[in-house]
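Undergrad: return a 3D structure for these sequence lines:
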Amino acid sequence: MSLSRTLVKDALLAAGPADAILLQGWVRTRRDAKGFSFVELNDGSSLKGIQVIAPATLPNYAADLPRAATGAALEVRGRLVASQGAGQKWEVVAETLTVVGEADATYPLQKKGHSLEFLREIAHLRPRSNLFGAVFRIRSRLAYAVHQFFQERSFAYVHAPIITTSDCEGAGELFRVTTLDASHPPMTEAGDVDFRQDFFARKAYLTVSGQLEAEVFACALSNVYTFGPTFRAENSNTSRHAAEFWMIEPEMAFCDLEGNMALAEEFVKHLIRDVRQHCAGDLEFLGKFVDQGLLARLDFVLERPFQRCSYTEAIELLAKSGRTWEHPVAWGDNLQSEHERYLAEEHFKCPVTVYNYPRTLKPFYMRVNEDGRTVRAMDLLVPGIGEIIGGSQREERLEVLRENLAQHQLPEKEYWWYLDLRRYGTVPHAGFGLGFERMLMFVTGVANIRDVIPFARTPGSADF
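TA: Coordinates of the predicted model:
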C-alpha cells in the first residue's frame, strides 16, 4: 500500500506520533552535525517548516546530503516523533531521503535578509520566502472569504467580460485590444485607422470594471457580484496603483445608498474577521516583521462601528484641521490620499464612509441627488490606506441618465443596452467596487501593491 503525502502544516498539527510519514518540500536550511544532519523542510502549506533528522546511517547519506542545499526539493519518508528541541512539537526521523531537484550555490534565497526591491526582481522565487509565503496564503484565504460572504447572502457570481467596447469610468485610461498590424494598419479614406477591419470590427479594450455588466444581471437575478481582473492604462508609479489588479463588485437591485454603505461596511469586517480567524500564524509573522501595529489595528476596526460623513462635511473638517495640505482642497475638488488618511487615521480614528460627492467628480452612471449638484456616491476610507471601496446608487431614471451621458460626452449608441435597462422594468439599484489588492495591503500591513499581487504589472514592467 503506497503512502500518501502529508503536508507540513498537517504534520505540525498531528494529534500523535506516526510510524510512517511522507513529506515533500524544499530545504530552508541544513545544519550538519556528527552522525546526522538537521534539515528544515517547508512545502508552502504553513509559515513554519518541520525539522527532519537525517542520520548518517542512511545508505545515500554521504552522496546525497551535500546535495540537499537551501532551495533543493526533497522527498522524505520516515517517522513522526516528539521533538527533543524547544519551539516545536514534532520532528521527522528520516528513513529514506531523496533529492528530487538540486539547487546550487547561486540560489538567490539564502538564509539572510533580502530587500523587497530585490525580491520583486525574482518574483518567480519570492513565494518561497517567509514574507511572500505569508502574503499569498492570506491572499488565497481572502479570496475564499469573498465568495463565502456573498454566497451565504444569496448573491449570484457573474463572470464579467475581460474584453469590452465601453469605458465604464469614462476616464480614457484603457488598454487597447487589437489584431491589426501596428506597423501597417488599414486606413479609412479620411486617413484614420480603420477599426472596422479589426477582430471585433470596432475598437476594443481590456475592462476597467465589470460594473455595467453586473448591473445587467442585478436587473434579472437581484443580487450579484463579480470578482476578476481589471486594467487601467494609468501612468502612475505610486505604491497604491497597478496596471492590472483584481476587483470585487457587488450589485444589488432594489437597493439605495444606505443599503450599499451598510453592505460595504459589513463586507470589510467579514474579511478582516475571517483572516484573523484562519491566518493567525501568518498575521503574527507580519505583525512582527512588517507592521508592528497590524494586529491592534485590525482588531480596532473589528470592534468599532464605522463612521459616516458627507463630502461637504469632510471638506469642512479638512478646512478646520489647521493643516497645510500638499494638495489644498475646496468644495468640488477630489479628495487626495493625504485627505482620506487624515479623516480615517486622525480625525475619526477608524474607517469612515464619505458620501454625496459633487456631480462633476463622478462618472455618468451615479444617481443625481435632488440638489442637482451631488450624486449618491460613497467611498470607504480605512486607516493606513485611504480609499478601499468606491460605490454609488446607480441612476435608474432614463432621461437623467441620458443627460449624464451627454454631459460626459459619451455617445448614447455605445450604451444602448445600458439605457434599455432603464426602459424595461427599471429599479433603484446600487453597488460598489473593492480593490482586492488594497484590501490585502490593509490586512497584511504590506505598504506596496507590487508585493501583494503575484506578478505586478506597472508602467515599464511586465516581467514574468
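Undergrad: now do the helix or strand harbouring residue 250: which elements does it pack against?
TA: Under the criterion of DSSP states H and E, residue 250 resides in strand 244-253. Here strand 244-253 touches helix 211-221, strand 223-231, helix 257-278, strand 429-435, helix 436-444, going by 3 or more Cβ pairs under 8 Å, 6 or more residues apart in numbering; DSSP states H and E. C-beta here means a position set from N, CA and C on the backbone, and glycine is covered the same way.
Undergrad: what about 10 Å?
TA: helix 130-152, helix 211-221, strand 223-231, helix 257-278, strand 386-393, strand 429-435, helix 436-444 (3 or more Cβ pairs under 10 Å, 6 or more residues apart in numbering; DSSP states H and E).
Undergrad: which of the residues in the fourth one are buried?
TA: Along helix 257-278, the positions that meet the burial threshold by neighbour count (16 or more other Cβ atoms under 10 Å) are 257, 260-261, 263-265, 267-272, 274-275, 278.
Undergrad: please apply the same query to the second one.
TA: Of the residues in helix 211-221, those with enough neighbours to count as buried (16+ other Cβ under 10 Å) are 211, 212, 213, 214, 215, 216, 217, 218, 219.
Undergrad: ok, now stretch 150-159?
TA: Result for stretch 150-159 [16+ other Cβ under 10 Å]: buried residues 150, 155, 158.
Undergrad: how about stretch 202-212?
TA: 204, 205, 206, 207, 208, 209, 210, 211, 212.
Undergrad: same thing with stretch 59-73?
TA: Neighbour counts over stretch 59-73 (16+ other Cβ under 10 Å) mark 61, 64, 65, 68, 69, 70, 71, 72, 73 as buried.
Undergrad: and those as a markdown table, adding pLDDT?
TA: Converted to a markdown table, the buried residues of stretch 59-73 look like this (pLDDT from 0 to 100):
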| residue | pLDDT |
| --- | --- |
| 61 | 95 |
| 64 | 95 |
| 65 | 95 |
| 68 | 96 |
| 69 | 96 |
| 70 | 96 |
| 71 | 97 |
| 72 | 97 |
| 73 | 98 |
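Undergrad: what's the most distant pair in these?
TA: 61 and 71 (19.8 Å; Cβ to Cβ).
Undergrad: picking that back up, can you put the helices and strands packed on strand 244-253 in JSON lines and add distance to residue 20?
TA: Converted to JSON lines, these look like this (distance: least, Cβ to Cβ, whole Å):
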{"stretch": "helix 130-152", "distance to residue 20": "27"}
{"stretch": "helix 211-221", "distance to residue 20": "51"}
{"stretch": "strand 223-231", "distance to residue 20": "41"}
{"stretch": "helix 257-278", "distance to residue 20": "30"}
{"stretch": "strand 386-393", "distance to residue 20": "48"}
{"stretch": "strand 429-435", "distance to residue 20": "46"}
{"stretch": "helix 436-444", "distance to residue 20": "37"}
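Undergrad: of all the ones you listed, which lies closest to residue 328?
TA: So among these, strand 386-393 is nearest, using Cβ to Cβ, at 17.5 Å.
Undergrad: next one: the closest one to chain centre, how far?
TA: From the chain centre to the centre of strand 386-393 is a distance of 15 Å (Cα atoms, centre = their mean, to the nearest Å).
Undergrad: neighbouring strands - and their directions - for that strand?
TA: Strand 386-393 sits in its sheet next to strand 374-382 (antiparallel), strand 429-435 (antiparallel), going by DSSP bridges.
Undergrad: now do the first one against helix 257-278, angle only.
TA: If I follow you right, that is strand 374-382. Taking axes from the mean of the first three to the mean of the last three Cα atoms, to 10 degrees, one finds strand 374-382 and helix 257-278 inclined to each other by 10 degrees.
Undergrad: strands along the stretch 1-150 of the chain, start to end?
TA: 18-33, 36-42, 50-55, 73-82, 90-101 (DSSP state E, counting those that start in this stretch).
Undergrad: got a markdown table for these, with distance to residue 461 too?
TA: Listed next are the strands of the stretch 1-150 of the chain as a markdown table, based on distance: least, Cβ to Cβ, whole Å:
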| stretch | distance to residue 461 |
| --- | --- |
| strand 18-33 | 27 |
| strand 36-42 | 29 |
| strand 50-55 | 36 |
| strand 73-82 | 29 |
| strand 90-101 | 29 |
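Undergrad: so for residue 307, which of those sits nearest?
TA: strand 36-42 (42.4 Å).
Undergrad: quick revisit: distance to residue 383 added to the buried residues of stretch 59-73, as JSON lines?
TA: Below are the buried residues of stretch 59-73 laid out as JSON lines (distance: Cβ to Cβ, whole Å):
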{"residue": "61", "distance to residue 383": "54"}
{"residue": "64", "distance to residue 383": "51"}
{"residue": "65", "distance to residue 383": "50"}
{"residue": "68", "distance to residue 383": "45"}
{"residue": "69", "distance to residue 383": "43"}
{"residue": "70", "distance to residue 383": "38"}
{"residue": "71", "distance to residue 383": "38"}
{"residue": "72", "distance to residue 383": "43"}
{"residue": "73", "distance to residue 383": "41"}
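Undergrad: which one of those is nearest residue 193?
TA: residue 71 (49.4 Å).
Undergrad: that closest one and residue 102 touch, don't they?
TA: Yes. Applying Cβ atoms under 10 Å as the test, residue 71 and residue 102 come out as touching, 8.5 Å apart.
Undergrad: which stretch among the helices and strands packed on strand 244-253 comes nearest residue 461?
TA: Here strand 223-231 is closest among the helices and strands packed on strand 244-253 (Cβ to Cβ), at 14.5 Å.
Undergrad: quick one: pLDDT of the nearest residue in space to residue 58 that is not next to it in sequence?
TA: Counting by Cβ to Cβ, 6 or more residues apart in numbering, residue 97 is the residue found nearest to residue 58 once chain neighbours are left out, at 6.0 Å. Looking at residue 97, its pLDDT reads 97.
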